[in-house]
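Undergrad: structure for this input, please:
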Amino acid sequence: MNMVSVALFLPIALLISGCATVTRGKSDVLEIITLPPGATVQTSNGYSCASTPCAIKMPRRSEFAVSLTREKCEPTEVNVTHKTSGSGGAALAGNILAGGIIGLGIDAATGASQELVPNPINVTMACR
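TA: Next up is the predicted model:
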């Protein structure tokens, strides 16, 4: 690799490595596990799965309720929110160190530096 290639490649690599949108993406996989298994899942933002355990790809910057129903069990609801994740914080620091103010803005706008909490959702349902 010649010096011109290195001079062009290195700054781009530094900028991209700090950007959570590139390294983590805008969505997260929410895992839902119930005991007993077999609950139906419906979220307040329109996602669902037919039977637990299951995983749903969700936008990282979401706040919603997860409703769990199963025959002979009490319905259960879990609230999900988001927070800045450890690796999202590292990407934030990478953006600052590499001078990536644009990357910082993109990560904030897309929610890429966020993670869903709780994740996974583990629920023991009250069944009769």
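Undergrad: help me confirm that Ser113 comes into contact with Thr84.
TA: Yes: counting by CB atoms under 8 Å, Ser113 touches Thr84, with 5.5 Å between them. For glycine as for every other residue, the C-beta is placed from the backbone atoms N, C-alpha and C.
Undergrad: what's the distance between Pro37 and Arg60?
TA: Pro37 sits at a distance of 26 Å from Arg60 (criterion: CB to CB, to the nearest Å).
Undergrad: try Cys54
TA: Taking CB to CB, one finds Cys54 at 18 Å from Arg60.
Undergrad: ok, the two, which is more surrounded?
TA: Neighbour count, other CB atoms under 10 Å: between Cys54 and Arg60, Arg60 has more, with 20 against 17.
Undergrad: isn't that one right up against Thr84?
TA: No: under the criterion of CB under 8 Å, Arg60 is not in contact with Thr84, lying 10.2 Å apart.
Undergrad: anything in contact with each of the two?
TA: Jointly contacting Arg60 and Thr84 under the rule CB atoms under 8 Å, 6 or more residues apart in numbering are 114-115.
Undergrad: what segments of the chain are strands?
TA: 27-35, 40-43, 48-49, 54-59, 64-69, 76-84, 114-117, 121-124 (DSSP state E).
Undergrad: what residues does the last one touch?
TA: Right, the one you point to is strand 121-124. 30-35, 39, 66, 68, 76, 78, 80.
Undergrad: just to revisit the earlier point, between Ser113 and Thr84, who's got more neighbours?
TA: Each of Ser113 and Thr84 has its neighbours counted (other CB under 10 Å); Ser113 has more, 27 against 15.
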